[in-house]
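**Q** show me the folded form of this:
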Amino acid sequence: MRFSNMDLTVLNDVAAGTKFCLRLPPLLRNKIKSGEAHAIHQERLDQRETNFLAVARHRIYNNPESPYRMLLALAGCEYGDFEALVTKEGVEGALHRLYLLLNLISVLIMYVLKIVYVIIDKR
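**A** Reported below is the predicted structural model:
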């Protein structure tokens, strides 16, 4: 019996939902008090920049397949630059600046590709 891609997608969704439901009861049994939840939340907020930098290092800078790594390299943004930006601007400020920078680079790449296409097409 052959399955279509749609059938496989549905089967994957059902499997994921089943897995979620099976893991839910232990999570619901482990109740935490309000003060404990606030402490965990505060700790995660305090570690936010550190955690963000760790994820960026692992998922972008240590991953040769990452498209963001290529774009950041084109922008001349090495990990040290990225770290300094996050330290200076915070997570939101750094993400905003990177968003603007990467959009600009993407637009420039598109224009260069259009120019190359026109040059090739005229030959």
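
**Q** from here on, just use CA atoms for contacts and neighbour counts.
**A** Noted.

**Q** next, count neighbours for L98.
**A** Around L98 there are 17 other residues, counting by other Cα atoms under 10 Å.

**Q** burial of V86, as a residue count?
**A** With other Cα under 10 Å as criterion, V86 counts 20.

**Q** can you start the count at 387 instead of 1 from here on
**A** Fine by me, first position is 387 from now on; the one you just mentioned is V472.

**Q** helix, strand, or coil at the closest residue to it other than its chain neighbours?
**A** Spatial nearest neighbour of V472, chain neighbours left out: A480 (5.2 Å); criterion: Cα to Cα, 6 or more residues apart in numbering. Here A480 is helix, with the state taken from DSSP: H, G, I helix; E, B strand; the rest coil.

**Q** wait, A480 sits on E469?
**A** No - counting by Cα atoms under 8 Å, A480 stays clear of E469, with 9.3 Å between them.

**Q** tell me which of the two has more neighbours.
**A** In this view A480 and E469 are compared by other Cα under 10 Å, and E469 has more residues nearby, 21 against 18.

**Q** what helix or strand is the more buried one on?
**A** Assigned by DSSP states H and E, E469 falls within helix 465-508.

**Q** what of L408?
**A** Assigned by DSSP H and E, L408 falls in helix 391-415.

**Q** pLDDT of that helix, averaged?
**A** Helix 391-415 shows a mean pLDDT of 83 in the predicted model.

**Q** how far does that helix sit from the chain's center?
**A** 23 Å (Cα atoms, centre = their mean, to the nearest Å).

**Q** following that helix, which helix or strand shows up next?
**A** Beyond helix 391-415 toward the C-terminal end (DSSP H and E), the next one is helix 420-432.

**Q** I'd like to know which elements whichever helix or strand comes after that following helix is packed against.
**A** Using DSSP H and E, the helix or strand that follows helix 420-432 towards the C-terminus is helix 434-442. In terms of contact count using 3 or more Cα pairs under 8 Å, 6 or more residues apart in numbering; DSSP states H and E, helix 434-442 is assigned the packing partners helix 465-508.
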